[in-house]
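J.: below are the sequence and a predicted model; questions follow.
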Amino acid sequence: MHCKPLFAFTLAAALLSPAASAQDRAVLTIHADRTRAKVSPTLYGLMTEEINHSYDGGLYAEMLQNRTFRSDWTGVPHWYLVEQGDSQAKMAIDRESGPSEALRASLRLEVAKAAAASPAGILNEGYWGMAVAPRTTYRGSFYAKSSDITEVIARLVDNNSGKAVATATVSGIGPAWAQHSFSLETGSIAKSAENHFELLVNRPGTLWLNLASLFPPTYHNRPNGNRIDLMEKLAAMHPAFLRFPGGNYLEGDRIADRFDWKKTIGPLVDRAGHQAPWSYYSSDGLGLLEFLEWCEDLHMQPVLAVYAGYSLRGEHAAPGPDLEPYVNEALDELEYVTGGTDTKWGAVRAKDGHPAPFHVTYVEVGNEDQFDRSHSYDARYAQFYKAIKAKYPEIQVIATTPVKGMQPDVIDDHYYRRAVEFFNDVAHYDKIDRNGPRIFVGEWATREGGPTPNFGAALGDAAWMTGMERNSDLIVMSCYAPLLVNIHGLQWDSDLIGYDALNSYGSPSYYAQVMFAGNVGDEIPESGIEGAGPRLFYSVTRGAGGKRLYIKLVNASSTPETVDVQVEGAQLAKSAKLVTLSALGTQATNTIEHPLRVAPVESTIGDTASLRHHAMPGYSIQVIRVDLR
């Protein structure tokens, strides 16, 4: 984190300012030898769903938009006819011929005239462009059949010059549907998103196409994998878990539009995709196994949300016999995830390429069922709970809202607020009954700034996180939402990480998350603060076998605040590490063009005696990492 943001402050101003008088400074007392509670090892994680082009056009690295040639009244979205020179062609959807039961239609390209010097074909514009880098290999494929066209030319083309930056010739097209693969290798070109993809033919004839796909290099080189820069940003958040496949995305607008996991596994040609609730179509390329492999790649626990028989527009299955198919669907899903290869669905997972089972500790039943207009969630949750516990007694079953008649293992709380609301509610969990269910803060965010949060939102987020950390004996998990946004496909703000086809950036709130999750211990020592201003917040955890303190301080005021950090019951090491995120105003933010305006700065406190008059700038978030001796 050794970056140099515009709003960095000097170490001298932060630490060596004259000490304020005792009555003018806050006193933070830490009893390093007393343990109040344990920190949940899964406190910080990720929540994800298909919104803002988070998957298609985002994390999922597929470069072609509408790769299965779905049509609407405008034609075939994102695909266009190419007629070079005097070539002549037309395209239409053939609903009588497709490569699989899932993909029963196809694009029919009828070429009346074409030659090597004047080819015809189709092009795809990608997701607001296609990022192409120099000396890089892109791997593609398509399904095709033809009785008179045996060869197709695949190209990546610069939008501005019209010249190909990479070309491959695909031979062997025949009269039966088959998949054809190719590689496109770029040379010494400029990195740019102003590119598109073409499939061309140089002779007359008719060609049927479906499932055209193109991937850049992916994280851990996974086929059908994820975008490298976004995965690296997620890894830097030190997430302990992934809640998937989403909130509204799990439910769908109608039952038929739910995340039907059985339709998201196996070969891509067997995945039809489905209408997602945030207005666009989901390819289902990021399916159940891909979610699990995402967890595997970032060493996260899967927190699996199962469809609970209720969809967003109110369509639902009544508890009892009507709900039973969806309960069984969830049990099958758990068997696919956790079962050995000797089980029906564990064997399917092995056939899909992952023989080893995954471990699941938490399963969430439904999403935001406080909005259940049928008032059936109490009974629906109970039916799922009993069925899951009967087969998987060790699994903790999360309820999306308080339920009557039984106590859930965990309850999922959601908060979307302004910064001042979080400031005023930081003590929310301080006095919650510890004998009740544990808490999963499964969606929360300070909604200020767009498409990604500004620094005022980061202050609200950091203040709220201090409260969750102090109560992380009760709060078993927490995750910000939404996580991702393609800045050209915004549907909800604010969102933690922004990107376009070419670049990505972390918001100030993202960096606050990185700082907090990357500096947390496993115990909560006794501590207290006196004399603090109304916008000063703190948390303290202890880790490294009891030999390190992580002190978090948030000054959400515009004026500096002096904190007298007093550690009792242990001696401090001579020096400490200080990580600071700060800005000169609440509206300061990061963008695609200026990704590091607000970013953490790491420095050293040379003499920890100065913590007796630790000076915090206005509008700042700090982590002090100090060893004990």
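T.: Now that the structure is in, tell me what you want to look at.
J.: show me where this structure has helices.
T.: 11-15, 228-235, 248-251, 288-297, 324-338, 344-351, 377-391, 419-424, 455-470, 508-517 (DSSP state H).
J.: buried residues, stretch 520-533. List them.
T.: V520, G521, D522, E523, I524, P525, E526, S527, I529, A532 (16 or more other Cβ atoms under 10 Å). Glycine gets a C-beta too; all of them are placed from N, C-alpha and C.
J.: quick revisit: turn the helices of the chain into CSV, columns for distance to E448.
T.: Conversion of the helices of the chain to CSV gives the following (distance: least, Cβ to Cβ, whole Å):
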stretch, distance to E448
helix 11-15, 25
helix 228-235, 21
helix 248-251, 22
helix 288-297, 29
helix 324-338, 37
helix 344-351, 42
helix 377-391, 31
helix 419-424, 6
helix 455-470, 4
helix 508-517, 9
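J.: can you tell me which of these is nearest to G569?
T.: helix 455-470 (18.4 Å; Cβ to Cβ).
J.: what angle separates that closest one from helix 508-517?
T.: Between helix 455-470 and helix 508-517, the angle comes out at 20 degrees (axes from the mean of the first three to the mean of the last three Cα atoms, to 10 degrees).
J.: please enumerate residues in contact with the longest strand seen in the chain?
T.: Looking across the chain with DSSP state E, the single longest strand is strand 26-38. For strand 26-38, the external contacting residues (Cβ atoms under 8 Å, 6 or more residues apart in numbering) are 472-473, 522-533, 536, 538, 540, 542, 549, 551, 553, 561-570, 628.
J.: sitting in strands, which of those do you find?
T.: Assigned to strands by DSSP E, the following of the contacts of strand 26-38 qualify: 523-530, 536, 538, 540, 542, 549, 551, 553, 561-568.
J.: so what's L304 up against?
T.: F244, E333, L334, V337, V360, Y362, V363, E364 are the contacts of L304 under Cβ under 8 Å, 6+ apart.
J.: redo those as CSV? Include neighbour count and pLDDT.
T.: Listed next are the contacts of L304 as CSV, based on neighbours: other Cβ atoms under 10 Å; pLDDT from 0 to 100:
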residue, neighbour count, pLDDT
F244, 25, 98
E333, 21, 98
L334, 19, 98
V337, 23, 98
V360, 20, 98
Y362, 21, 98
V363, 24, 98
E364, 24, 98
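J.: L483: which of those residues is nearest?
T.: Using Cβ to Cβ, the contacts of L304 come closest to L483 at F244, 10.6 Å.
J.: now do the closest one against A356, distance only.
T.: 19 Å (Cβ to Cβ, to the nearest Å).
J.: next: P321.
T.: 36 Å.
J.: again, but for T446
T.: According to Cβ to Cβ, T446 and A356 sit 39 Å apart.
J.: have a look at the two and say which one is more surrounded.
T.: Shown here are T446 and A356; by other Cβ atoms under 10 Å, T446 has more neighbours (29 against 11).
J.: the more buried one reaches A457, doesn't it?
T.: Yes: contact criterion Cβ atoms under 8 Å: T446 and A457 qualify, at 4.0 Å.
J.: low-confidence ranges in this protein?
T.: Regions of the chain meeting the criterion pLDDT under 70 cover residues 1-23.
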